[in-house]
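Student: Turn this into a structure:
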Amino acid sequence: MKRNAENKLKVVAVRVDPQIEQRLRLLAETTGRKQSFFLQQMIESGIGAMENTWLPPDLLSQVQNGRLLLQQQASDATSDLFGGLYTDQAS
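Tutor: The predicted model follows:
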């Protein structure tokens, strides 16, 4: 799939324990893939379990049914330091 402004991948920074980073680096070097490939696979395969555990049932239902307003589409969105958008939940 060719990337464009609508489906451009976003950068997320995360701090991990040095042992996890070493394991990830070994996995990447051994397979010839990038660390970001494996991180993306882990996130995609585990986000559903995290949502089931941490989101309130009404919000989880909206996420699962695709009814949740994406933060980038919110009219009261503000840029953060990295150029992403977040919604002011207090308003």
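
Student: From the contact counts, what lies against the helix or strand where residue 29 lies?
Tutor: With elements taken from DSSP states H and E, the one containing residue 29 is helix 18-31. Judged by 3 or more Cβ pairs under 8 Å, 6 or more residues apart in numbering; DSSP states H and E, the packing partners of helix 18-31 are helix 35-54. For glycine as for every other residue, the C-beta is placed from the backbone atoms N, C-alpha and C.

Student: Next, the angle from the helix it packs on to helix 18-31.
Tutor: For helix 35-54 and helix 18-31, the angle between their directions (axes from the mean of the first three to the mean of the last three Cα atoms, to 10 degrees) works out to 130 degrees.

Student: Could you give me the buried positions within helix 35-54?
Tutor: By neighbour count, with 16 or more other Cβ atoms under 10 Å as the criterion, the buried positions of helix 35-54 are residue 38.

Student: I would like the residues contacting it, please.
Tutor: Residues outside helix 35-54 that contact it (Cβ atoms under 8 Å, 6 or more residues apart in numbering) are 14, 24, 25, 27, 28, 60, 63, 64.
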